[in-house]
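> turn this into a structure:
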Amino acid sequence: MIGKFRVGTGWKMNHTLAMARDYAGTLAAAERPEEIDLFVLPPATALAEVARLLAGSGVRVGAQNAHWAEKGAWTGEISMTMVADVGASLVALGHSERRAHFAETDLDVNRKVRAALDHGLTPLVCVGETADEKRLGVAVATNVRQARMALAGLTHAEAARVWLAYEPVWAIGEGGVPATPEDAQPIHRAIKQAVVDLVGIEPPVLYGGSVNPQNARALAVVPEVDGLFVGRSAWTAPGLLEIARLAVEARADAGA
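Residues are numbered from 1 along each chain as shown. Okay, the predicted model is just below:
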């Protein structure tokens with residue numbers, strides 16, 4: 001089930017506990033658009049506190065990563081049990097920075113998806129091609145492979161609980177070049193079709209990669225885009241709320 005349009009952010013390795021409290025407090029007190037499913041992914045050091053401050057607000061809180069193992073000798077990792085234990089309901093998996101810098105494979109992502117589902121969490125699976133893969137014309141193939149690997153072996157009911165995010169690697173980060181709606185639409189369409197072919201259900205697919213107030217409206221009205229996974233433009237609560245407001249306005253104007 002696609003559900004509401006989703007707008008959220010992962011803070012990456014940013015924000016102290018005090019900054020996280022300020023962000024969560026501001027978000028909890030703010031008037032939030034009912035048409036949007038908001039979420040935030042703080043660092044692990046602030047996860048419990050942000051989940052506590054946003055409990056009952058309707059804003060989802062999640063982890064930026066977690067291990068597939070229940071427990072054990074995995075120094076520096078946190079488990080899905082730990083994520084759920086502090087009140088989080090969402091976990092991002094397979095981000096390109098995890099794949100590039102921490103050697104995460106498609107198989108690792110699949111294991112984590114299964115573990116997240118086993119612990120009642122919503123997996124937010126990130127997929128995306130590099131600049132070289134785009135240049136060589138294999139962007140669609142790369143995203144389809146990553147999506148199919150992430151959901152391989154899931155039942156229809158399990159797959160219905162998974163979100164995906166198309167995050168082209170070339171669009172992420174300080175030097176990233178935002179994808180245009182024309183860039184994003186065919187990739188989103190291909191990801192959705194691949195999952196339909198695999199498990200018989202169309203998943204929500206968010207777009208992430210240099211989303212900002214200048215392009216949020218155009219991206220929010222692409223028919224295949226079911227949400228926006230925002231980076232630095234939403235690292236303040238007012239920034240996240242502004243992107244959400246722009247998305248609501250654009251979709252209302254477009255009759256979405």
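> does Arg21 touch Leu54 like I think?
No: taking C-beta atoms under 8 Å as the contact criterion, Arg21 and Leu54 are not neighbours in contact, 10.9 Å apart. C-beta here means a position set from N, CA and C on the backbone, and glycine is covered the same way.
> how about the nearest residue to His188 once chain neighbours are set aside, secondary structure?
Ranked by C-beta to C-beta, 6 or more residues apart in numbering and with sequence neighbours excluded, the top spatial neighbour of His188 is Glu224, at 3.6 Å. At Glu224, secondary structure determined by DSSP: H, G, I helix; E, B strand; the rest coil is coil.
> CA atoms only: put stretch 206-216 into CSV for me.
Extracted in CSV, the C-alpha atoms of stretch 206-216 (Å, rounded to 0.1, in the frame of the first residue of the first chain):
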residue,chain,number,x,y,z
LEU,A,206,10.9,7.9,-2.4
TYR,A,207,13.3,10.2,-4.1
GLY,A,208,16.5,11.3,-2.3
GLY,A,209,19.5,13.2,-3.5
SER,A,210,20.0,17.0,-3.1
VAL,A,211,16.4,17.6,-2.5
ASN,A,212,16.0,21.3,-1.6
PRO,A,213,13.3,24.1,-1.5
GLN,A,214,14.1,24.9,-5.2
ASN,A,215,13.3,21.4,-6.6
ALA,A,216,11.0,19.9,-4.0
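> so how far is it from its chain's centroid?
Between the centre of stretch 206-216 and the centre of its chain there are 12 Å (C-alpha atoms, centre = their mean, to the nearest Å).
> could I get the average pLDDT for it?
Throughout stretch 206-216, pLDDT has a mean value of 96.
> ok, and for that stretch, which residues are buried?
By neighbour count, and taking 16 or more other C-beta atoms under 10 Å as the criterion, the buried residues in stretch 206-216 are Leu206, Tyr207, Gly208, Gly209, Ser210, Val211, Asn212, Asn215, Ala216.
> show me those that map onto helices.
With helices defined by DSSP state H, the entries of the buried residues of stretch 206-216 inside them are Ala216.
> in CSV: the buried residues of stretch 206-216, plus distance to Ala234.
Below are the buried residues of stretch 206-216 laid out as CSV (distance: C-beta to C-beta, whole Å):
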residue, distance to Ala234
Leu206, 13
Tyr207, 13
Gly208, 11
Gly209, 13
Ser210, 12
Val211, 8
Asn212, 9
Asn215, 13
Ala216, 10
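> which one of the buried residues of stretch 206-216 sits closest to Pro186?
Each of the buried residues of stretch 206-216 was checked against Pro186 using C-beta to C-beta; the closest is Tyr207, at 12.3 Å.
> so how far is Met80 from the closest one?
Going from Tyr207 to Met80 by C-beta to C-beta, to the nearest Å gives 26 Å.
> about what we covered before: hang on, the residue nearest to His188 packs against Asp183?
No: at 11.9 Å, Glu224 does not count as touching Asp183 under the criterion of C-beta under 8 Å.
> circling back: which two among the buried residues of stretch 206-216 are spaced furthest apart?
Distance extremes for the buried residues of stretch 206-216: the farthest pair is Leu206 and Asn212 at 15.2 Å, using C-beta to C-beta.
> pLDDT weak spots in the stretch 151-256 of the chain?
Residues of the stretch 151-256 of the chain that meet the criterion pLDDT under 70 are absent altogether.
> and the helices in it, which stretches?
156-159, 181-199, 216-220, 237-253 (DSSP state H, counting those that start in this stretch).
> helices or strands up against the third one?
Here helix 216-220 is seen to pack against helix 181-199, strand 227-230, helix 237-253 when contacts are counted using 3 or more C-beta pairs under 8 Å, 6 or more residues apart in numbering; DSSP states H and E.
> can you put those in TSV and add distance to Pro43?
Output for the helices and strands packed on helix 216-220, formatted as TSV (distance: least, C-beta to C-beta, whole Å):
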stretch	distance to Pro43
helix 181-199	28
strand 227-230	16
helix 237-253	16
